[in-house]
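1. Next input, structure requested:
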Amino acid sequence: SGRLSYLLIFLSSLSTIPTTFEVEEIIEQADYLYGSGETKKLYQLLTQHKNSEDAEILWRLARASRDLAQLSSTSAEEKKQLVYEALEYAKKALEKNELSFAVHKWYAICISDVGDYEGIKTKIANAYVIKEHFQKAIELNPKDATSIHLMGIWCYSFAEMPWYQSKIATMLFATPPTSTYEEALSYFHKAEEVDPNFYSKNLLLLGKTYLKLNNKKMALLWLTKTRDYPAHTEEDKQVQKEAVELLNSI
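-> Next up is the predicted model:
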């Protein structure tokens, strides 16, 4: 009977680890909630599985934590906590699977978010890591427009880096991170080629980058596309508003 009770204890411990089928079910539910914009419900669902060993669950949890942090109803204190939480989940996902493009993408995004709380030195130091993971995500999935778009944002940020930040970067590194608007533009165009009209912000950034390069004709074209983009999310509305302001200023 002792052997039987050991066997029962062993079997009951196994039952707490989700089976492949259960993992697939959790992911299916999570993707449905994500597609429906149910941020809070998605976070509640996935935090029940925060001790999961599955990278697919973990990167989705990192994304859900970050999305919750972005909501206007989230307090500043909660936001900070969620941003750091998201990075922990993304880090764990990376330990579990280094061959998932989504894991690399969300790890880079989460490091970037944490930089907002760590000061300019850390932000610049992290820039190399962020770039490396976005590049890895693109390498693993060249058809993911978002990773390509984010690489464009990385280039755009360093192309317009204020002089005092450049000075800090030069003091910190022998070769500080640099980029150009031309480089940013090539990524935004590439993202558009891979998945046309996938994201209002990519259209806006095409317009803004052309403005930085003094090409008003192309800037007008992309900013008009941004203005006419059907706004589904809060971000789309903000992006449209910015496009309209830029169009008026031109």
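2. The spatially closest residue to Val129 that is not a sequence neighbour: how many residues sit nearby?
-> Nearest residue to Val129, sequence neighbours excluded (Cβ to Cβ, 6 or more residues apart in numbering): Ile111, at 6.0 Å. Just so you know, the C-beta spots here come from the backbone N, C-alpha and C atoms, and that holds for glycine as well. Applying other Cβ atoms under 10 Å, we find 21 other residues in the vicinity of Ile111.
3. how close does Ile111 sit to Lys80?
-> Separation of Ile111 from Lys80 (Cβ to Cβ, to the nearest Å) stands at 15 Å.
4. picking up where we left off before, same question for the host helix or strand of the residue nearest to Val129, mean pLDDT?
-> Taking DSSP states H and E as the criterion, Ile111 maps to helix 101-118. Averaged across helix 101-118, the pLDDT comes to 96.
5. Could you do stretch 27-42 as well?
-> Stretch 27-42 shows an average pLDDT of 94 in the prediction.
6. Contacts for the host helix or strand of Leu82, please.
-> Secondary structure here is read from DSSP H and E; on that basis Leu82 sits in helix 76-96. Contacts to helix 76-96, defined as Cβ atoms under 8 Å, 6 or more residues apart in numbering, come from residues 50, 53-55, 58-59, 61-63, 65-66, 68-70, 74, 100, 103-104, 106-107, 109-111, 113-114, 116-117.
7. What residues of that helix count as buried?
-> Residues of helix 76-96 classed as buried under the neighbour-count rule (16 or more other Cβ atoms under 10 Å) are 79-80, 82-83, 85-87, 89-94, 96.
8. Return the residues in contact with the residue nearest to the spatial centre of the chain.
-> For the chain, the residue nearest the mean C-alpha position is Ile109 (4.1 Å; Cα atoms, centre = their mean). Contacts for Ile109 were tallied using Cβ under 8 Å, 6+ apart; they are 66, 90, 150.
9. at 10 Å what do you get?
-> With contacts taken as Cβ atoms under 10 Å, 6 or more residues apart in numbering, Ile109 has the following neighbours: 62-63, 66, 86-87, 90, 130, 133-134, 137, 146-147, 150.
10. that older thread, which of the contacts of helix 76-96 count as buried?
-> Buried residues within the contacts of helix 76-96, defined by neighbour count using 16+ other Cβ under 10 Å: 54-55, 58-59, 61-63, 65-66, 68-69, 74, 100, 103-104, 106-107, 109-111, 113-114.
11. So what's the residue count around Glu28?
-> Residue neighbour count, defined by other Cβ under 10 Å, stands at 10 for Glu28.
12. Apologies, that question was intended for Ser249.
-> When neighbours are counted by other Cβ under 10 Å, Ser249 comes out with 8.
13. Contact partners for it?
-> 211, 223.
14. Okay, it and Pro162: tell me how far apart.
-> 21 Å.
15. And for Lys143?
-> In this structure, Lys143 and Pro162 are separated by 35 Å, where distance is defined by Cβ to Cβ.
16. same question, Ser186
-> For Ser186, the distance to Pro162 - Cβ to Cβ - is 23 Å.
17. Between those two, tell me which one has more neighbours.
-> The neighbour comparison of Ser186 against Pro162 (other Cβ under 10 Å) goes to Ser186, with 16 against 8.
18. right, and the helix or strand after the host helix or strand of that one?
-> Element membership of Ser186 [criterion: DSSP H and E] is helix 181-194. Going down the chain from helix 181-194, the next helix or strand is helix 200-212, by DSSP H and E.
19. Counting neighbours, which bits of whatever helix or strand comes next after the helix holding Ile111 end up buried?
-> For helix 101-118, the following helix or strand on the C-terminal side (DSSP H and E) is helix 120-140. Under the neighbour-count criterion of 16+ other Cβ under 10 Å, helix 120-140 has 123-127, 130-131, 133-134, 136-138, 140 buried.
20. Likewise for stretch 240-250?
-> Residues of stretch 240-250 classed as buried by neighbour count (16+ other Cβ under 10 Å): 240, 242-243, 246.
21. Kind regards, and thank you for your time.
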